[in-house]
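>>> Give me the fold of what follows.
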Amino acid sequence: LTLSNVRIGGLANGGEVVVPRIATGFSMMDSLQGRIRPKSLELNGIDLTLARDTKGILRLGAAGDETPLQVWPPVGSGDELAQLTAFLREATRGDGPLMLDALEDVSFEDVALRFGDQRNGEVWRADNAGARLLRDGDIYSGSVNAVLTQDGRAPLPVQASVTRNDRIGETRYQIRFQDARPSDLAEQVEVLAWLALVDAPVSGALAAEIHDDGRLLSLSGHLRMGQGAVTPMPGRSISFAGADTYFTYDAERDAFEVSALRVDTMYGALRTRGDVMLGRDAEGAIDTLTGQLDLTDLSVRANAGEGEALTFSQGSALARVSLDPFRVDLGRVDLHEGPLRAELSGHVAALPDRWQVSIDARAEELTAGQIMAGWPAALEPKLRQWLEEHIEAGMMTRADAFIRADGGRPKLGLDFRFREARGQILDHMPPLVDA
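Residues are numbered from 1 along each chain as shown. You can find the predicted model right below:
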């Protein structure tokens, strides 16, 4: 049975929904008895509105419907749950001419979707979107495919699905996206609020489980970022070439279990895994991230994109990131590569007019080549050039260094011991050997 230009009235606000086309299959025997019990419905050309209010609640309804259905977080108690339960009971009890107790499959094609977010004032649109709803006993599932558009923004392809288990009172959401903004994720997922500091195109997938009382039971995901920067405040940014991570959020610990994290920059690359614990302020907002990480691969190139990299294949780090004001505290970083050992501690803070840096470092068994690889060309350039031209080989057995910067010229300190050094200290004189 196919119906065209269908108007459905009786909405709470007295309005109506217009559906250009509805198609369904039904039992001929039931229809002869005055009953229509469709197993499937196909709706084409419907207009839908998805709205997010200032509290983060998502509601879905047809265009013109002033009483849309709450879809996030899942309704777990109160009047809305009672209304939803009553509607399902009436729709499936089987004593009217149109009975939905046998309905298992509802599909939507050529949907015009409008998404408005009152938190940031943004409005997204999608034409020719598609969706599907399935029911199997106590299990309800749905999926949607859409390309969201917004003035001044590149199109954002989105694939999302939801599975609802009435028996245990839990709902699972999954979403895939391409070239979104991290701030979009930060505004929609509370435990990812810290992503608001990142400006880069991000693609990937998220999966979340929500209890009926609104509690986030679990969250897992894969995020892949292109070239961008961490920008804690205007004029203060840390650029990177790309990043990729797989993670799971543990709601009981309020922590992320990071199974893999990769960050690439012009100054090197990082591969790590470990736990990141969330710290919260008095109002429950995230204000710190504390990481206990195992470093599986680290390369440091002191001069962007140039020269040999200083590499470490093993290491560990204990660090804390404070979000506002932005500050990175290195409790201790231990790095290993063969006989080479290095330790770092200190902090870096973003201030309105400058970076504040206080770093202490210690290293053992550094070769002359490794020293040059870790020495920025802009830091004491004349001394660096002299050493590069005059020292041929050697081993630094112990080095202790510090750097302090708080506006003006940085303050540096270095004490070291060395052996097996060879170089041309004075012109026209024999070289220095085994110093």
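
>>> what sits against the closest residue to Arg132 other than its chain neighbours?
In space, and not counting its chain neighbours, Arg132 is closest to Ser107: 4.7 Å by CB to CB, 6 or more residues apart in numbering. The C-beta positions use only the backbone N, C-alpha and C, and glycine is treated the same way. Shown in contact with Ser107 (CB atoms under 8 Å, 6 or more residues apart in numbering): Ser40, Leu41, Glu42, Leu43, Gly130, Ala131, Arg132, Leu133.

>>> Same check on Lys382?
No contacts exist for Lys382 under CB under 8 Å, 6+ apart.

>>> A helix includes it, no?
Yes. Counting by DSSP: H, G, I helix; E, B strand; the rest coil, Lys382 is located in a helix.

>>> quick one: pLDDT of it?
pLDDT recorded at Lys382 is 89.

>>> Against Glu389, how distant is it?
Look at Lys382 and Glu389: by CB to CB, to the nearest Å, they are 11 Å apart.

>>> ok, so what distance separates Thr231 from Gly346?
From Thr231 to Gly346 the distance is 22 Å (CB to CB).

>>> For the stretch 1-150 of the chain, which segments are assigned as helices?
All helices of the stretch 1-150 of the chain, identified by DSSP state H, counting those that start in this stretch, fall at 28-32, 79-92.

>>> lowest-confidence stretch among the ones you listed?
Taking the mean pLDDT of the helices of the stretch 1-150 of the chain, helix 79-92 comes last: a mean of 44.

>>> my guess is Leu366 meets Arg398, correct?
No. Using CB atoms under 8 Å, Leu366 makes no contact with Arg398, being 9.1 Å away.

>>> Any chance you could spot the residue sitting in the middle of this structure?
With distances taken as CA atoms, centre = their mean, Leu223 lies nearest the centre of the chain, 5.6 Å away.

>>> and the one helix or strand Arg320 maps to, which residues are buried?
For Arg320, the host element (DSSP states H and E) is strand 314-322. Neighbour-count burial for strand 314-322 flags Gly315, Ala317, Leu318, Ala319, Arg320, Val321, Ser322 (criterion: 16 or more other CB atoms under 10 Å).

>>> Turn the contacts of Ser107 into TSV, including neighbour count, distance to Leu206 and pLDDT.
Listed next are the contacts of Ser107 as TSV, based on neighbours: other CB atoms under 10 Å; distance: CB to CB, whole Å; pLDDT from 0 to 100:
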residue	neighbour count	distance to Leu206	pLDDT
Ser40	15	30	82
Leu41	17	29	82
Glu42	16	29	85
Leu43	21	28	83
Gly130	14	20	87
Ala131	20	19	83
Arg132	16	20	85
Leu133	17	21	82
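
>>> Could you work out the most separated pair of those residues?
Ser40 and Gly130 (15.1 Å; CB to CB).

>>> Ala193 - that's part of a strand, no?
No. Looking at Ala193 with three-state DSSP, it is helix, so not inside a strand.

>>> Now do Glu122 against Lys55, distance only.
Using CB to CB, Glu122 is found at 17 Å from Lys55.
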